[in-house]
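dropping a prediction and its sequence here:
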Amino acid sequence: MASSWLQNTGFPSRLFETGSNDYELYEEENEFVLSVEMPGFDPGEIDVAWDDGVLNIAAEREDETRGERKTYHRRFRFPKTIDDEEITAQYNNGILEVQLPVLSEATARGTEIEVQA
């Protein structure tokens, strides 16, 4: 029982859970589409930034009536060259959807590695 030593410390045991599935990422015709579940945030509290192949999503909200602070932060790396001038983001009903168009002439960077038997 991983949380038994935390029972009387006031720490929530869910801090140590792993494998959160709060997003869906798929590739359509010439673009990646990323949908992230972010309920409880306002669009103005969400920062979406693109930097050298990495999409950074961060949000912070203070609920003064409950004395709570809610934060969200994730980074996503993409294997293809994205047209960073054409990235769009929309937030609706607690879902952030980011569309990342792929440059058609671009291929994934890297070196092919031979698989030996």
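Now that the structure is in, tell me what you want to look at.

C-alpha from now on. contacts and neighbour counts both.
Fine.

now the strands for this protein?
Assigned by DSSP state E, the strands in the chain fall at 23-28, 31-37, 46-51, 54-63, 68-77, 88-92, 95-101.

so which of these comes closest to V115?
For V115, the closest of these is strand 68-77, at 24.5 Å, according to Cα to Cα.

and the contacts of that closest one?
Residues outside strand 68-77 that contact it (Cα atoms under 8 Å, 6 or more residues apart in numbering): M38, G53, V54, L55, N56, I57, A58, A59, E60, R61, E62, D63.

buried among the residues you listed? Make that a ChimeraX selection.
The buried residues among the contacts of strand 68-77 can be selected in ChimeraX (16 or more other Cα atoms under 10 Å) with this line:
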select :38,55,57,59,61
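
ok, E86 - contacts?
Counting by Cα under 8 Å, 6+ apart, E86 touches L100, P101.

try D22
Neighbour list for D22: V36, E37, M38 [criterion: Cα under 8 Å, 6+ apart].

and the second one, how many neighbours?
Think E37. 16 (other Cα atoms under 10 Å).

any idea which residue sits dead centre in the protein?
Taking Cα atoms, centre = their mean, the centroid of the chain lies closest to R74, which sits 4.1 Å from it.

so how far is E114 from that one?
In this view, R74 and E114 are 32 Å apart by Cα to Cα, to the nearest Å.

equivalent analysis for G94, please.
Applying Cα to Cα to G94 and E114 gives a distance of 44 Å.

which residue comes closest to N30 once chain neighbours are left out?
Counting by Cα to Cα, 6 or more residues apart in numbering, N30 lies nearest to V102, which is 5.2 Å off, once chain neighbours are set aside.

hang on, isn't the one you found packed against I87?
No. The criterion here is Cα atoms under 8 Å, and V102 misses it with I87 at 9.6 Å.

which one of these two is surrounded by more residues?
Each of V102 and I87 has its neighbours counted (other Cα under 10 Å); V102 has more, 23 against 16.

that one pairs with what?
I82 (DSSP bridges).
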